[in-house]
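# any chance you could fold what I've pasted below:
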Amino acid sequence: MLKLIFRSVNQFINAQTLGGVLLALAALLALMLSNSPLQSYYDAFLHARSEVHIGDSWLVLSKPTLVWINDLWMAVFFFLVGLEIKRELLEGELASRAQALLPAGAALGGMLVPALIYAVINQSDAVALRGWGIPMATDIAFALGILVLLGSRVPASLKIFLTAVAIIDDLGAILVIAFFYTDDLSLTMLLAAAAGALVLLAFNRSRVTAIGPYVIVGLIIWVCVLKSGIHATLAGVITALAVPMSDGKGGSPLGRVEHALHPWVAYGILPVFAFANAGVSLGGITLSTLTQTVPLGIATGLVLGKTVGVFGASWLLMRFGGARLPDQSTWLQFLGVCVLCGVGFTMSLFIGSLAFEGANTVFANQVKIGVSIFQSRYEPEGGGS
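Numbering: from 1, shown residues only. Now for the predicted structure:
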């Protein structure tokens, strides 16, 4: 069993490593196109509308490409995140209090301190203050990609710690999106989504192990959540939590789906998301642009806040809570991993798109500047992720 878990963790880390490289390349391509004569084609691609009709006119979804990517494709990403959270809670690094104590506390510190720093810097601007959740999350693909480049010098326990922290960060981001970044709510659609969730629960209790029924009901929930005012990606998490961990015969439906989905998310969905969201024109950017409160709050939250929050909370837990340093690691190595928790690329861009949805596009560009440009400090010399 331990060998199986270790092999699964290695496969997960390897997928995230290459995924991190593709993320970096996709973001770089978006920046190049946004600052080239091809910018108009890039913008036209993002704003091209496409429609889905169900029945003659019963349901029509007409969205630009960018919204389809951020609402539908990212729902698949959050479905995978939900699977990872459930697995970790039931049999992984978060399965017991002793195992979960250090990464859970570290993740909590790594969410609260960056949010507080951002809020302090932006306290005088009510609109800018809406972005307080942007520096909270860790981009697991980028962070692990950088960590794995260091090879055998990094103990496996630190890679597992970083993975656990990032997964808990994602859970925190899900809660932030659900409670703070929503539009006006439709009670009818929320009740319909709740009914769909009950159907998923009935599937789970009835030991339905085929993934098809969960996906079909999950798509219905996605439409209901999309129309409810809550961000549609949460439908992916709801669906994932209903997928059974075991089929009673030694197999794992959740494990099979997670394994099959990882390459599609790491090599397809996340790079496409980065390509669609990282493009920002650098024309006219000066030092004063970089020091505006939104990019400054994001950069300070990710660079300083994450390190202080993760390391500080971990030190307190080791000093007073009975936690201990990950096996075969030193304090310097541990500090380095805490710094990597400040790589927030994908989730920071995503939360930023929600925080300033409907606001002046200046804020959206400032988010991209704060996330994309300042995150380049993590890229190793000579390429990589």
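# show me the shaky parts of the stretch 151-300 of the chain.
Residue ranges of the stretch 151-300 of the chain with pLDDT under 70: 151-152, 183-184, 284.
# and with 80 instead?
Per-residue confidence of the stretch 151-300 of the chain (counting by pLDDT under 80) places the weak regions at 151-154, 156, 170, 182-185, 229-231, 280-290.
# please apply the same query to the stretch 1-150 of the chain.
Low-confidence regions of the stretch 1-150 of the chain, defined here as pLDDT under 80, cover residues 1-21, 52-61, 92-99, 140-150.
# if you set the cut-off to 70 instead, what comes out?
Applying pLDDT under 70 to the stretch 1-150 of the chain flags residues 1-17, 54-59, 93, 148-150.
# can you give me the helices in it?
Under the criterion DSSP state H, counting those that start in this stretch, helices of the stretch 1-150 of the chain are mapped to 2-34, 39-47, 65-67, 74-91, 97-121, 140-148.
# same for the third one, what does it pack against?
Other helices and strands packing on helix 65-67, by 3 or more C-beta pairs under 8 Å, 6 or more residues apart in numbering; DSSP states H and E, are helix 39-47, helix 270-277. In this view, the C-beta of every residue, glycine as well, is placed from N, C-alpha and C.
# same thing but at 7 Å, please
With contacts defined as 3 or more C-beta pairs under 7 Å, 6 or more residues apart in numbering; DSSP states H and E, helix 65-67 has these neighbours: helix 39-47.
# which one of the helices of the stretch 1-150 of the chain lies closest to Leu354?
When the helices of the stretch 1-150 of the chain are compared by C-beta to C-beta, helix 74-91 sits nearest Leu354, at 10.5 Å.
# buried residues in that closest one?
74-89, 91 (16 or more other C-beta atoms under 10 Å).
# thinking again about what came up before, any idea which of the helices of the stretch 1-150 of the chain gets closest to Val310?
Nearest of the helices of the stretch 1-150 of the chain to Val310, taken as C-beta to C-beta: helix 97-121 at 4.0 Å.
# quick one: distance of the closest one to the chain centre.
Shown here is helix 97-121, whose average C-alpha point lies 15 Å from the average C-alpha point of the whole chain (C-alpha atoms, centre = their mean, to the nearest Å).
# how about residues contacting it?
Contacting residues not belonging to helix 97-121 are listed as 93-94, 129, 131-136, 161, 164-165, 168-169, 172, 293, 296-298, 300-302, 304-306, 308-310, 312-314, 317, 321, 323, 341 [C-beta atoms under 7 Å, 6 or more residues apart in numbering].
# which among these end up buried?
Of the members of the contacts of helix 97-121, the ones counted as buried by neighbours, 16+ other C-beta under 10 Å, are 93-94, 129, 131-136, 161, 164-165, 168-169, 172, 293, 296-298, 300-302, 304-306, 308-310, 312-314, 317, 323, 341.
# from those, which land in helices?
Judged by DSSP state H, helices contain the following of the buried ones among the contacts of helix 97-121: 161, 164-165, 168-169, 172, 293, 296-298, 300, 306, 308-310, 312-314, 317.
# my guess is Ala128 contacts Pro295, does it?
No. Counting by C-beta atoms under 7 Å, no contact exists between Ala128 and Pro295, whose distance comes to 10.2 Å.
# circling back to that earlier point, so which of the helices of the stretch 1-150 of the chain gets nearest Ser252?
In terms of C-beta to C-beta, the element of the helices of the stretch 1-150 of the chain nearest to Ser252 is helix 74-91, at 8.5 Å.
# which ones are touching Val243?
Taking C-beta under 7 Å, 6+ apart as the criterion, Val243 is in contact with Leu83, Ile211, Tyr214, Pro253, Leu254, Val257.
# same thing but 8 Å
For Val243, the residues meeting the contact criterion (C-beta atoms under 8 Å, 6 or more residues apart in numbering) are Leu83, Lys86, Asn204, Ile211, Tyr214, Pro253, Leu254, Val257.
# what residues are up against the fourth one?
Each residue near Ile211 by C-beta under 8 Å, 6+ apart is listed here: Val243, Pro253, Arg256, Val257.
# if we go to 6 Å?
Val257 (C-beta atoms under 6 Å, 6 or more residues apart in numbering).
# what do you get for the fifth one?
Neighbour list for Tyr214: Thr239, Val243 [criterion: C-beta under 6 Å, 6+ apart].
# now name the helix or strand holding it.
Assigning secondary structure by DSSP states H and E places Tyr214 in helix 211-228.
# from the chain's centroid, how far away is that helix?
20 Å.
# could you dump it to CSV, C-alpha only?
Extracted C-alpha coordinates of helix 211-228, given in CSV (Å, rounded to 0.1, in the frame of the first residue of the first chain):
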residue,chain,number,x,y,z
ILE,A,211,-18.1,7.7,-13.8
GLY,A,212,-20.7,8.5,-16.5
PRO,A,213,-23.7,9.3,-14.3
TYR,A,214,-21.6,11.6,-12.1
VAL,A,215,-20.4,13.5,-15.1
ILE,A,216,-23.9,13.9,-16.6
VAL,A,217,-25.4,15.2,-13.3
GLY,A,218,-22.2,17.3,-12.8
LEU,A,219,-22.8,19.1,-16.1
ILE,A,220,-26.4,19.8,-15.1
ILE,A,221,-25.2,21.2,-11.8
TRP,A,222,-22.6,23.3,-13.7
VAL,A,223,-25.4,24.9,-15.8
CYS,A,224,-27.4,25.6,-12.6
VAL,A,225,-24.5,27.0,-10.7
LEU,A,226,-23.5,29.2,-13.8
LYS,A,227,-27.1,30.6,-13.8
SER,A,228,-27.2,31.0,-10.0
